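> Prediction below, plus the sequence it came from.
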Amino acid sequence: METATFGAGCFWSTEAAFRNVSGVISTSVGYMGGHFENPCYLDVLSRITGHAEVCQVLYDPQQVSYETLLDVFWTMHDPTSLNRQGADRGEQYRSVIFYHTLEQATIAQQSKTALDCSGCYDRAIVTEIQPASAYWLATEDHQQYFEKRQAKLEGSQHRH
């Protein structure tokens, strides 16, 4: 198994996209890239920690390649938007790839360069590529947020 970590705006949406990829064993959401020990959600939202909201992906490289995960990453958000995705604004929503190996760093940089040169975007890609650092797991209520919310909604519909 290998680990990949991506920031692409709100970590709920990022996690939901990766959970649907065949070969992804598990996902979690949390914070990476900051300078504050053990941040909580409100710390990160306050924009004082320097962390990005991220999704950490445990995957089987025999079933899914890192390149495929990058393809999912690039298509799930706007990599030309600096420190924001949609209505979400702030450095915690930045587009970032945290690499865990030098091979991941090389592949991520090649992928970014190829996409930047492809003409798919009118603006330059601003996605950061950084070495993975301490990963701080978000609280349980943030994990698989959309799945839990859907299950809760379905449960309330059955009671009526």
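Cool, got the structure. Numbering: from 1, shown residues only.
> how about low-confidence regions in this structure?
Along the chain, segments meeting pLDDT under 70 span 151-160.
> ok, Gln92 - contacts?
Contact analysis of Gln92 by C-beta atoms under 8 Å, 6 or more residues apart in numbering lists 31, 44-45, 47, 49, 51-53. Yep, even glycine has a C-beta here, placed from its N, CA and C like the rest.
> and it, how far is that from Ala8?
The gap separating Gln92 from Ala8 is 12 Å, by C-beta to C-beta, to the nearest Å.
> go on, Pro61?
21 Å.
> Between these two, which has more neighbouring residues?
Neighbours were counted for Pro61 and for Ala8 using other C-beta atoms under 10 Å; Ala8 has more, 29 against 13.
> Any idea what the more buried one is bridged to?
In this entry, Ala8 is beta-bridged to Ser95, by DSSP bridges.
> who's in contact with Met70?
Not quite, residue 70 is Leu, not Met. Taking C-beta under 8 Å, 6+ apart as the test, what Leu70 contacts is 97, 107-108, 111.
> Leu137: which of those residues is nearest?
Ile97 (19.2 Å; C-beta to C-beta).
> which residues does that closest one contact?
Neighbours of Ile97 in contact, by C-beta under 8 Å, 6+ apart: 5-7, 70, 73, 104, 108, 112, 127-130.
> just Val96 next, same as before
Neighbours of Val96 in contact, by C-beta under 8 Å, 6+ apart: 6-7, 33, 52, 54, 127-130.
> residue ranges for the helices of the chain, please.
11-19, 41-45, 66-76, 102-117, 145-158 (DSSP state H).
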